[in-house]
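>>> Can you look at this prediction? I've put the sequence above it.
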Amino acid sequence: MRGLAGKTAAVIGAGQGIGQAVCLELSRYGVKIAAIDLEEPRETLDRLAEAGAEARGFCTDVRSLPAMQKTAQSVSGWSGAPSFVVNSVNVRSFSPILELSAAYWQNTIDVILTGGFNTARAFCPAMVEQGHGAVVFFTSITARYSFPNLSHYQAAKMGLEGLSRALAFELGTSGVRVNSVAPWLVATPNFEDRAAFFESEARNGALKRLATPEEVSRLVAFLLSDEACTLTGRELDCDMGYSLSAQDFDGWLERRGGGVRPGEDGRALELPLERRPRESSSHS
């Protein structure tokens with residue numbers, strides 16, 4: 001794809017899954033990779049090194065604007081201001097809203113929505129100054145389709161879609177494009193313990209299978225490339241057609257063989273990031 005080679009991409013959430021796949025996909029086009037995560041993304045860096053890619057790892061916390069700004073400065077010091085930024089950081093679990101702890105709600109908003117804001121504040125000023133750039137956020141079809149026990153996740157993802165559109169509108173005259181990718185079920189390592197359920201659900205999408213991180217990463221590469229020069233402020237669903245039947249939750253329960261909906265099995269929630277508030281490990 002045109003317009004990628006020789007440029008630098010900052011990929012936030014690069015340690016595994018979709019973020020790692022994005023790093024590897026962009027490196028195939030000659031993009032230099034700033035692989036960013038809460039901890040050093042060692043596995044990703046090793047795979048990039050094996051592929052002969054030029055890459056460096058950076059550690060940051062998307063919930064902190066000063067930390068993100070410091071990381072953006074470090075990336076610029078290494079390879080110049082990045083032309084591309086991809087934020088694939090995610091956090092998700094299920095809970096009825098009336099049982100959801102305030103700490104878990106806040107962490108979801110902080111990681112997804114505030115993390116998106118911090119990404120824009122940290123990396124976009126240099127893009128505006130240089131007069132070009134492209135940003136991709138990861139939202140979800142959950143932003144526009146209600147699923148049980150995902151109120152916190154839906155609120156954060158819907159907010160991120162709004163932020164993405166607002167950025168696209170404000171930064172467009174500076175030559176900066178901003179788009180969102182909206183998956184649903186993707187076959188990442190995080191979901192291995194629920195593989196049977198996900199594969200069952202995949203059969204109810206139009207394409208009858210799960211998306212892979214590699215497939216999603218190709219869409220990201222397209223959105224960053226010159227091939228997508230006419231696209232900004234868009235959300236592109238990549239859910240294998242699952243949302244075409246996503247609202248049928250009585251049927252959803254029947255397909256699972258009955259039982260409870262996600263979050264209704266009494267299991268305590270855990271904040272998935274380090275440095276989490278102690279009281280957030282159970283329902284409020």
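Looks like it came in fine.
>>> List the contacts of the top helix by length along the chain.
Across the chain, the longest stretch assigned as helix under DSSP state H is helix 151-171. Outside helix 151-171, the residues that touch it by CB atoms under 8 Å, 6 or more residues apart in numbering are 92, 95, 97, 100, 104-105, 108-109, 111-113, 116-117, 120, 124, 127-128, 135, 137, 139-140, 142-144, 146-147, 176-180, 182, 232-235. The way it works is simple: take the backbone N, C-alpha and C, and place the C-beta from them, glycine included.
>>> Which of the residues you listed fall within strands?
135, 137, 176-180, 182, 235 (DSSP state E).
>>> Now tabulate these in JSON lines and tack on neighbour count and pLDDT.
Converted to JSON lines, those look like this (neighbours: other CB atoms under 10 Å; pLDDT from 0 to 100):
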{"residue": "V135", "neighbour count": "28", "pLDDT": "98"}
{"residue": "F137", "neighbour count": "27", "pLDDT": "98"}
{"residue": "V176", "neighbour count": "23", "pLDDT": "98"}
{"residue": "R177", "neighbour count": "23", "pLDDT": "98"}
{"residue": "V178", "neighbour count": "28", "pLDDT": "98"}
{"residue": "N179", "neighbour count": "24", "pLDDT": "98"}
{"residue": "S180", "neighbour count": "26", "pLDDT": "97"}
{"residue": "A182", "neighbour count": "23", "pLDDT": "92"}
{"residue": "E235", "neighbour count": "19", "pLDDT": "94"}
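>>> farthest-separated two in those?
V176 and A182 (20.4 Å; CB to CB).
>>> any idea of the mean pLDDT in the longest helix of the chain?
For helix 151-171, mean pLDDT rounds to 96.
>>> got the buried residues for it?
For helix 151-171, burial by neighbour count (16 or more other CB atoms under 10 Å) applies to 151-161, 163-165, 167-168, 171.
>>> Equivalent analysis for stretch 236-246, please.
Neighbour-count burial for stretch 236-246 [16+ other CB under 10 Å]: 236-243, 246.
>>> Output that stretch as PDB - backbone C-alpha positions only.
Only the C-alpha atoms of stretch 236-246 are listed here, as PDB (Å, rounded to 0.1, in the frame of the first residue of the first chain):
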ATOM      1  CA  LEU A 236     -15.500   0.700  10.000                       C
ATOM      2  CA  ASP A 237     -17.100  -2.400  11.400                       C
ATOM      3  CA  CYS A 238     -15.100  -5.600  11.100                       C
ATOM      4  CA  ASP A 239     -17.300  -8.000  12.900                       C
ATOM      5  CA  MET A 240     -17.700 -10.700  10.200                       C
ATOM      6  CA  GLY A 241     -21.300  -9.700   9.900                       C
ATOM      7  CA  TYR A 242     -22.100 -10.600  13.500                       C
ATOM      8  CA  SER A 243     -24.000  -7.300  14.200                       C
ATOM      9  CA  LEU A 244     -26.600  -8.300  11.600                       C
ATOM     10  CA  SER A 245     -28.100 -10.600  14.300                       C
ATOM     11  CA  ALA A 246     -26.600  -9.300  17.400                       C
END
